[in-house]
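In: the amino acid sequence is not available; the structure is as follows:
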């Protein structure tokens, strides 16, 4: 692998690691909150749509960082 492609691989690997850690952290907080309230975590379809739109907004903002 030459040095031109090396930055691409490093960037992708960093994105994978950050995404995995962020997902793990979010799941951990959801589980902790559910245990604190003494119930199982649940998400309605409306909350799922809100979360999806929030993630898309964050991804859009990240995409605009280089401009």
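Out: Cool, the structure landed. What you are looking at is a predicted structure, and each value in this text was computed from that prediction instead of being measured.

In: pLDDT on stretch 37-53, on average?
Out: For stretch 37-53, the mean pLDDT works out to 90.

In: could you shift the numbering so residue one becomes 2, and keep it that way?
Out: OK, 2 is where the count begins now, so the last one is stretch 38-54.

In: so how far is that stretch from its chain's centroid?
Out: Computed by Cα atoms, centre = their mean, to the nearest Å, the separation of stretch 38-54 from the middle of its chain amounts to 15 Å.

In: can you name the residues in contact with that stretch?
Out: 31, 32, 34, 35 (Cβ atoms under 8 Å, 6 or more residues apart in numbering). The C-beta positions use only the backbone N, C-alpha and C, and glycine is treated the same way.

In: among these, which two are most distant?
Out: Longest distance between any two of the contacts of stretch 38-54 is 7.4 Å, between 32 and 34; criterion Cβ to Cβ.

In: coming back round to it: would you list the contacts of stretch 38-54 in JSON lines and tack on secondary structure?
Out: As requested, the contacts of stretch 38-54 are exported to JSON lines (DSSP: H, G, I helix; E, B strand; the rest coil):
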{"residue": "31", "secondary structure": "helix"}
{"residue": "32", "secondary structure": "helix"}
{"residue": "34", "secondary structure": "helix"}
{"residue": "35", "secondary structure": "helix"}
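
In: please consider this matter closed, and thank you.
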